[in-house]
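In: Fold the following and give me the result.
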Amino acid sequence: MSNEIMSAINSQVFAVWFLIGAALVFWMQAGFAMVEAGFTRAKNTGNIIMKNLMDFCIGTVTFILIGFSFLLGEDMIGFIGKPGFDIFTSYASFDWSNFVFNLVFCATTATIVSGAMAERTKFLSYCVYSGVISACIYPIEAHWIWGGGWLAQMGFHDFAGSCAIHMVGGISALIGAKILGPRIGKFEYDDNGKVRKVNAFPGHNITIGALGVFILWLGWYGFNGAACTSVEQLGSVFVTTTIAPAIATVVCMVFTWVKYGKPDISMCLNASLAGLVAITAPCDVTDAAGAIIIGGVAGLLVCFGVWFLDNVLYIDDPVGAVAVHCLNGIWGTLAVGLFATNTAPGYSIADASGNELVGLFYGGGFGLLKLQLIGFLSVAAWTAVTITVAFFIIRAIFGLRVTEEEEIIGLDSTEHGLPSAYAGFSIMDISSGMTMSVNENTSLGSDDYVTASEAAKDAAVPVINSLPATGISKVVIIAKLTRYDVLKKELNNLGVTGMTITQVSGCGIQKGAGSKYRGVEMDITLLPKVKVEVVVSKIPVEAVIEAAKKALYTGHIGDGKIFVYPVERVVKIRTGEENFDALQDVE
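Out: Below you'll find the model as predicted:
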């Protein structure tokens, strides 16, 4: 009797956990939105948020109408579920939990494509695509795997969706980005039309991107663990789901550190997701050693994928969706055939005859790996054909890409009438990290202003002087943000108490001072600067120039510039005083 009671309680507990897991997977939509927004440019943030929102909302509509029955309806010849409207006709006995659980997974598949096609896709066209993939492309192949279809009958194993979700979303992203074409300026071409240079478009907010990754990692415990049926199995899944992304991130950090000279932040964030994608299929059937290897390969695979798309295929994927989801979805699917071990709690992989199958590296031979390969190829072929047809039809009817003018202005404004997703906020980075790199091409030989030659001083902080005719001069100083406090102090010591300060961006970087973003050389042409304007009459202009040069000088080209202009007339609004008299309280 006590065993029956405990069994009933255990069943109810896991039924509740099943729905909690679904809620965690739904929360991953926020993670995808943050990753995509942070890794792209600010002018398209609102558009990306809207697309991620509509992925779920449009997906819900199509899943209600047809998607759910295609996935979990009565099996028809192993290919598709029988269409039906049980949610309307038999609501009292409807499988509510399974509907919600599969709906949130469906929405995840759809939203993967958003990042790869970001910043140049028509919103209407994207909405149509989202409906199509949620209505039939995803539900039919997911039926093969989870709905009793032909792959499930063979013994193909994909516990939480490396193949059914991530690979499908990644292949759709790859094809969509290829048909759509790159963002304006991503690639530079020679006279023969061949790519001669790849340009980096750094994400505008890595902080938001990192937040998105942490949200996704948290949600992944529900993604992988929600279908577990015992505490032991759940614990094992949590372990493998933690190990793989951690190892992937460490491997990626070391690789980018060695290859590019510094550990790449955005690539490491992608690597965390890559490790999660790769462990999704085998999370319930592998052990810690398998998870370590799976994660390590994922960390290298995501770096290779980003490079391969940029430098070989010339496909523009702003957030690395193809490298993360497509390549690692494939890897995770095949990893089942390599690392599945019957020592994992609740192990249940068997072929059509009921014979237990284990991975190649655990003594099982090639049987399971062969099944996984068949599943990967069949789902990949289905996805490639159907999504290509869908994109071509959408392009023919609605168009797929916005105009050049709309892309340059930004989709927030042109597609949604939103002037900025950051209204009321300044998004200029005023950190010292954005100042021009110091290298052998910018050095003038001495960083000491006192000992530097006049030529070095003039080269570091050139002065453009136009002599005033009235005795009143306006001095405009363009300086690095990091030197502003020193400059202000020097001017105050000189007696200048009134000044106008503006944050500006300036052009200029010396040859050899470039850095890399996701392995691509960046031509930094706009750097954050501060513009200080003062008007003087009693204080000698030369004294202001000398104080400014002393404050700004570091011994490198690009320390700043000083412009001197004649002022014909000055009027103080409050008192009506003019010229010399108007300046007496600011100098």
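
In: Just give me the longest helix of the chain.
Out: Using DSSP state H to define each element, the chain has its longest helix at helix 2-38.

In: after it comes which helix or strand?
Out: Counting by DSSP states H and E, the element after helix 2-38 in chain order, helix or strand, is helix 45-62.

In: pLDDT averaged over that next one - what is it?
Out: Throughout helix 45-62, pLDDT has a mean value of 96.

In: Which strands and helices lie in contact with that helix?
Out: Applying 3 or more C-beta pairs under 8 Å, 6 or more residues apart in numbering; DSSP states H and E, one finds that helix 45-62 contacts helix 2-38, helix 96-116, helix 123-132, helix 411-416. Quick note: C-beta positions are derived from backbone N, CA and C, even for glycine.

In: Put together a markdown table for these, with mean pLDDT on each row.
Out: Shown next, in a markdown table, are the helices and strands packed on helix 45-62 (pLDDT from 0 to 100):
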| stretch | mean pLDDT |
| --- | --- |
| helix 2-38 | 87 |
| helix 96-116 | 95 |
| helix 123-132 | 97 |
| helix 411-416 | 94 |
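
In: which stretch among those helices comes nearest I539?
Out: helix 411-416 (45.2 Å; C-beta to C-beta).

In: most packed of the helices and strands packed on helix 45-62?
Out: Mean neighbours per residue, mean count of other C-beta atoms under 10 Å, is largest over those for helix 96-116, with a mean of 24.

In: which helices and strands does it pack with?
Out: Packed next to helix 96-116, using 3+ C-beta pairs under 8 Å, 6+ apart, are helix 2-38, helix 45-62, helix 68-72, helix 123-132, helix 138-146, helix 168-180, helix 321.

In: mind putting these in CSV, distance to M154 included?
Out: Output for the helices and strands packed on helix 96-116, formatted as CSV (distance: least, C-beta to C-beta, whole Å):
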stretch, distance to M154
helix 2-38, 26
helix 45-62, 28
helix 68-72, 18
helix 123-132, 27
helix 138-146, 10
helix 168-180, 19
helix 321, 29
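
In: Out of those, flag the one nearest I501.
Out: Among these, if distance is taken as C-beta to C-beta, the winner is helix 45-62, at 27.7 Å.

In: nearest to E490, of the helices and strands packed on helix 96-116?
Out: The nearest among the helices and strands packed on helix 96-116, by C-beta to C-beta, is helix 2-38 at 38.2 Å.

In: and the closest one, what does it pack onto?
Out: helix 45-62, helix 96-116, helix 206-225.

In: any chance of those in CSV, with distance to I472 too?
Out: Converted to CSV, the helices and strands packed on helix 2-38 look like this (distance: least, C-beta to C-beta, whole Å):
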stretch, distance to I472
helix 45-62, 45
helix 96-116, 55
helix 206-225, 45
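
In: To D310, which of the helices and strands packed on helix 96-116 lies closest?
Out: Between these, helix 168-180 lies closest to D310; by C-beta to C-beta that is 11.7 Å.

In: Go ahead and name everything in contact with the closest one.
Out: 108-113, 115-117, 120-121, 129, 133, 137-138, 141, 313, 315-317, 321-322, 324-327, 329, 379-380, 383-384, 387-388, 391-392, 395, 400-401 (C-beta atoms under 8 Å, 6 or more residues apart in numbering).

In: okay, the angle between it and helix 123-132?
Out: If you take axes from the mean of the first three to the mean of the last three C-alpha atoms, to 10 degrees, helix 168-180 sits at 150 degrees to helix 123-132.

In: Correct me if wrong: G161 contacts P282.
Out: No - G161 is not in contact with P282 according to C-beta atoms under 8 Å; the separation is 11.6 Å.
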